[in-house]
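Asks: test case, fold it:
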Amino acid sequence: MKYILLVSHGTMAQGVHSVLDMLVGEGREDILSTSLKNGMGADELAENVRRCVSVVKEEDELLVFADLIGGSPLTTTANVLAEEGLLNRTTMVGGMNLPLVVSAIVSKDSVDSKALVDMLVPEAREALREFTVAVSEGEDEI
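Replies: Residues are numbered from 1 along each chain as shown. Got it, this is the predicted structure:
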């Protein structure tokens, strides 16, 4: 199985996980999440990451999506994955957003992890743009 692990500061990872439940199906075993909450130490986050990845078996892969490259959630996760011997089966991406993770979930089983990230990063960049609504002359502004 190819697992997706979401990690973040605050409750972003759990929030994205909650939205994924709505969009791709609730209770999926292949989506895991944890976060570094205010006042939490790195040791507690590391234990939460260990608990999340305890389901990953020798034949499984792991895709990690984090809110920030270089942030404590991603660096702590990388350290735990190294300690657990999972780094060689893990692909990590920083700068998580919802379109990126949705595309990862729907495509993860049809392409290898490296090719998946190569496909997803430009797609996620394209999803980030200004939303504008044209207002005709004479219409009342909202």
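
Asks: next SSE after the longest strand along the chain?
Replies: Across the chain, the strand with the greatest residue count (assigned by DSSP state E) is strand 2-9. Next helix or strand after strand 2-9 toward the C-terminus (DSSP states H and E): helix 12-24.

Asks: which elements pack onto that following helix?
Replies: strand 2-9, strand 31-36, helix 98-107 (3 or more C-beta pairs under 8 Å, 6 or more residues apart in numbering; DSSP states H and E). Every C-beta, even on glycine, is put in place using the N, C-alpha and C of the backbone.

Asks: repeat the analysis, applying 10 Å as the threshold.
Replies: When contacts are defined as 3 or more C-beta pairs under 10 Å, 6 or more residues apart in numbering; DSSP states H and E, helix 12-24 packs onto strand 2-9, strand 31-36, strand 61-66, helix 98-107.

Asks: need the ones you listed in JSON lines (columns: mean neighbour count, mean pLDDT and distance to Asn79).
Replies: Formatted as JSON lines, the helices and strands packed on helix 12-24 follow (neighbours: other C-beta atoms under 10 Å; pLDDT from 0 to 100; distance: least, C-beta to C-beta, whole Å):
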{"stretch": "strand 2-9", "mean neighbour count": "23", "mean pLDDT": "97", "distance to Asn79": "12"}
{"stretch": "strand 31-36", "mean neighbour count": "23", "mean pLDDT": "98", "distance to Asn79": "13"}
{"stretch": "strand 61-66", "mean neighbour count": "23", "mean pLDDT": "97", "distance to Asn79": "12"}
{"stretch": "helix 98-107", "mean neighbour count": "18", "mean pLDDT": "94", "distance to Asn79": "22"}
